[in-house]
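*Asks:* give the three-dimensional model of this entry:
(4 chains)
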There are 4 protein chains.
Amino acid sequence: MKTNQRKLIAVIGGSQCSPKEARLAEEVGRELARQGAILVCGGLSGVMEAACKGASSEGGITIGILPGESRRAANQYVQIPIVTGIGWARNLAVVKSAQAVIAVDGNYGTLSEIAHALQSGIPVIGLNTWSLVRNDQQDNSIIPAQSPKEAVDKALNSATK
Amino acid sequence: MKTNQRKLIAVIGGSQCSPKEARLAEEVGRELARQGAILVCGGLSGVMEAACKGASSEGGITIGILPGESRRAANQYVQIPIVTGIGWARNLAVVKSAQAVIAVDGNYGTLSEIAHALQSGIPVIGLNTWSLVRNDQQDNSIIPAQSPKEAVDKALNSATK
Amino acid sequence: MKTNQRKLIAVIGGSQCSPKEARLAEEVGRELARQGAILVCGGLSGVMEAACKGASSEGGITIGILPGESRRAANQYVQIPIVTGIGWARNLAVVKSAQAVIAVDGNYGTLSEIAHALQSGIPVIGLNTWSLVRNDQQDNSIIPAQSPKEAVDKALNSATK
Amino acid sequence: MKTNQRKLIAVIGGSQCSPKEARLAEEVGRELARQGAILVCGGLSGVMEAACKGASSEGGITIGILPGESRRAANQYVQIPIVTGIGWARNLAVVKSAQAVIAVDGNYGTLSEIAHALQSGIPVIGLNTWSLVRNDQQDNSIIPAQSPKEAVDKALNSATK
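*Replies:* So this is what the prediction gives:
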């Protein structure tokens, strides 16, 4: 498959995560690579590293959009490091570059990415992540998934053009 | 009071809002000015404009941190327009410039600002706004307020140095 | 003069500077305040601090648009710190927020600000600063000044609306 | 060659350019691909498009770091579009992601990229581009090249780790 025909899918989540979350993220990465998608993430540790590891193990392409000033901050499974120098504002670039976003757990940084994605009309698939309640009403914009395979399938099916 | 001894408090919320929300935001702005705080916001319409209007009516200083390329996008009550040219990444500058944040209602843009503030350790006071549930557990980081006066009091009391 | 009728003028230059440059920058700050302009700068040391010191000594308003995550990085003469968290990308916000820019000496960071200002159609006044040669042809876009007073006069006269 | 062992080299220049400049940029792109480098650029038209066209014609990988909100703004030869949404602040990401920068002609936007690269210690190779004079002294930081081949050789030889 030509590079420019592959879908870009973001995997977002905490830079620290439990072994269970790491397994989920790694399997998400593997499945994305198997289905020919390019993985984009924030390039650091935790969920990001696990997802890159999984994608790499299946021969996939991994892009890490880094907050700081140096490509050396990227985890070892990032093949293409993008160095932004704009700090947490790089969260926007992670989700805006993607045609769909898969959130695995995550803290406030991940929540900001979910919010930026939804604001931009980019589908968000959730695996054990945030739920949203606005002014006492449930907001169902995050598409739930029960497994990495289901998350990847839903991401690829809902991906924007 | 000297300018550099005044607290900077952000008011965040939608660029479109109901008359009820506008009244809340305007009263928040008025109360901030009465208590000597400088109002910082995203500089556009809706909740931002109502808050600036309220603060201006009490002689307060208003700062609008704008997403686009032109100072003319600021609402008429912004006294000091900051033109960032960085789009929605300016949301981070709005909350990081503040010592506390008051959220009035709001959509996904506001949610991203709440998330960035909490990530940065900046207190968030909520008036009819988002609630957060992380992995099925309630997150109580947003400090609730029942009135504009209560929101401003809590913001000033919790403000970072 | 009302705050919102005052012109915003940026002073840019190195975070390290010689005593001679500091004197020039301080006098630029003083003259801006005397003429009722608001000073905007990058908020750090060197030329920025000297300009803020001068403006403050004449009762002017000073705004520092900071690259990092903390308001404490601002020099002591910054009255209104704007915390962007976007690193050197804040250079764009410094010049785009201004209606004219005065460059005092400066290194590559200052050169980037001059370039962003010229790209945005914002007048740049130069005091002992960069000259530009494009493809072997002199580029005369930087308006030269021989003294702080002349720089401020030219900045206020050329300021965009 | 593995993706993560390839060097990332930026090509910068105007979004409008003459046929002669387009030929230079296209040949730079071709030579980068022949030598196994990944091309990173601003993703738009002019010099950027010509360089991507050249790299693609030799089977190279092309990355376009876009200023706006949509991947559709990328030129047709961009294989991996990065959508930043941060406007001209993306200029920093273009140069910071690169291990060396080749400037082909260019206007003020290109000048800002040259300045940001030099500020970050990233080598800049110039083909018919800006010259710098600081406070009446020539600044020789831009490494001149007389041909696309020479520019690519110098970029790869001077590339940071």
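
*Asks:* correct me, but residue A:53 touches residue A:77?
*Replies:* Yes: the pair residue A:53 and residue A:77 passes the contact test of Cβ atoms under 8 Å, sitting 4.7 Å apart. Using the backbone N, CA and C atoms, a C-beta is placed for each residue, glycine as well.

*Asks:* tell me which of those two has more neighbours.
*Replies:* Ranked by neighbour count (other Cβ atoms under 10 Å in any protein chain shown), residue A:53 and residue A:77 place residue A:77 first, with 24 against 18.

*Asks:* please tell me how far the nearest residue to residue A:89 once chain neighbours are set aside sits from residue B:148.
*Replies:* If the residues on either side of it in the chain are set aside, residue A:89 comes closest to residue B:89, at 3.9 Å by Cβ to Cβ, 6 or more residues apart in numbering or on different chains. Separation of residue B:89 from residue B:148 (Cβ to Cβ, to the nearest Å) stands at 29 Å.

*Asks:* the lengthiest helix in chain A: which residues count as buried?
*Replies:* Longest helix in chain A by number of residues (criterion: DSSP state H): helix A:19-34. If you call a residue buried by 16 or more other Cβ atoms under 10 Å in any protein chain shown, then helix A:19-34 has these buried ones: A:21-22, A:24-33.

*Asks:* determine which two of these are furthest apart.
*Replies:* Spatially, the most separated pair among these is A:21 and A:33, at 18.9 Å (Cβ to Cβ).

*Asks:* ok, now how distant is the most far-flung residue of chain A relative to its centre from chain C?
*Replies:* Largest separation from the mean C-alpha position in chain A: residue A:136, at 28.0 Å (Cα atoms, centre = their mean). As judged by Cβ to the nearest Cβ, to the nearest Å, residue A:136 and chain C stand 31 Å apart.

*Asks:* neighbour-wise, which of residue B:89 and residue B:148 wins?
*Replies:* Each of residue B:89 and residue B:148 has its neighbours counted (other Cβ under 10 Å); residue B:89 has more, 30 against 24.

*Asks:* so that one makes contact with residue D:85?
*Replies:* Yes: applying Cβ under 8 Å, one finds residue B:89 in contact with residue D:85, separated by 6.7 Å.

*Asks:* CA atoms only: put stretch A:62-70 into CSV for me.
*Replies:* Taking C-alpha atoms only, stretch A:62-70 is exported to CSV below (Å, rounded to 0.1, in the frame of the first residue of the first chain):
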residue,chain,number,x,y,z
THR,A,62,5.1,5.3,13.7
ILE,A,63,5.1,9.1,14.1
GLY,A,64,5.8,10.8,17.4
ILE,A,65,4.9,14.5,17.7
LEU,A,66,7.1,15.7,20.5
PRO,A,67,6.4,18.6,22.8
GLY,A,68,10.0,19.7,23.5
GLU,A,69,13.1,20.8,21.6
SER,A,70,14.8,17.5,20.9
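
*Asks:* ok, that stretch near chain D or not?
*Replies:* Yes: remark: stretch A:62-70 sits within contact range of chain D at A:63, A:65, A:69, by Cβ under 8 Å from any Cβ of the partner chain.

*Asks:* ditto for stretch A:106-121
*Replies:* Yes: residues of stretch A:106-121 are located near chain D by Cβ under 8 Å from any Cβ, namely residue A:120.

*Asks:* can that stretch be found next to chain C?
*Replies:* No: judged by Cβ under 8 Å from any Cβ, stretch A:106-121 stays clear of chain C, getting no closer than 11.9 Å.

*Asks:* contact partners of that stretch?
*Replies:* For stretch A:106-121, the external contacting residues (Cβ atoms under 8 Å, 6 or more residues apart in numbering or on different chains) are A:10, A:12-15, A:47, A:88, A:91-92, A:94-96, A:98, A:101, A:103, A:123-124, A:126, A:129-130, A:132, A:141-142, A:160, B:88, B:107-109, B:111-112, B:114-116, B:118-119, B:132, B:134, D:69, D:85.

*Asks:* buried ones among these?
*Replies:* The neighbour count (16+ other Cβ under 10 Å) marks A:10, A:12-15, A:47, A:88, A:91-92, A:94-96, A:98, A:101, A:103, A:123-124, A:126, A:129-130, A:132, A:142, B:88, B:107-109, B:111-112, B:114-116, B:118-119, B:132, B:134, D:69, D:85 as buried among these.

*Asks:* which of the residues you listed fall in helices?
*Replies:* Taking DSSP H as the definition of helices, the buried ones among the contacts of stretch A:106-121 contribute A:47, A:91-92, A:94-96, B:108-109, B:111-112, B:114-116, B:118-119.

*Asks:* just curious, which of those is nearest to chain D?
*Replies:* residue A:96 (4.1 Å; Cβ to the nearest Cβ).

*Asks:* you'd agree the closest one is up against residue D:90?
*Replies:* No: here residue A:96 does not reach residue D:90: they are 11.1 Å apart, not a contact under Cβ under 8 Å.

*Asks:* joint contacts of those two?
*Replies:* By Cβ under 8 Å, 6+ apart, residue A:96 and residue D:90 have these common neighbours: residue D:84.

*Asks:* OK, contacts around residue A:64?
*Replies:* Contact analysis of residue A:64 by Cβ under 8 Å, 6+ apart lists A:40-44, A:48, A:52, A:74-75, A:78, A:80-82.

*Asks:* now do the same contact list for the residue nearest to residue A:134 when sequence neighbours are not counted.
*Replies:* Counting by Cβ to Cβ, 6+ apart, residue A:134 lies nearest to residue B:130, which is 5.3 Å off, once chain neighbours are set aside. By Cβ under 8 Å, 6+ apart, residue B:130 lies in contact with A:132-135, B:103, B:106, B:110-111, B:114, B:142.

*Asks:* redo the residues you listed as TSV? Include pLDDT.
*Replies:* Listed next are the contacts of residue B:130 as TSV, based on pLDDT from 0 to 100:
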residue	pLDDT
A:132	95
A:133	94
A:134	94
A:135	87
B:103	98
B:106	93
B:110	97
B:111	97
B:114	98
B:142	97
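
*Asks:* in a markdown table, list the residues you listed along with distance to residue D:4.
*Replies:* Formatted as a markdown table, those follow (distance: Cβ to Cβ, whole Å):
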| residue | distance to residue D:4 |
| --- | --- |
| A:132 | 36 |
| A:133 | 42 |
| A:134 | 42 |
| A:135 | 46 |
| B:103 | 42 |
| B:106 | 41 |
| B:110 | 39 |
| B:111 | 35 |
| B:114 | 37 |
| B:142 | 41 |
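
*Asks:* shouldn't residue A:101 be in contact with residue A:9?
*Replies:* Yes: counting by Cβ under 8 Å, residue A:101 sits close enough to residue A:9 to count as a contact (7.4 Å).
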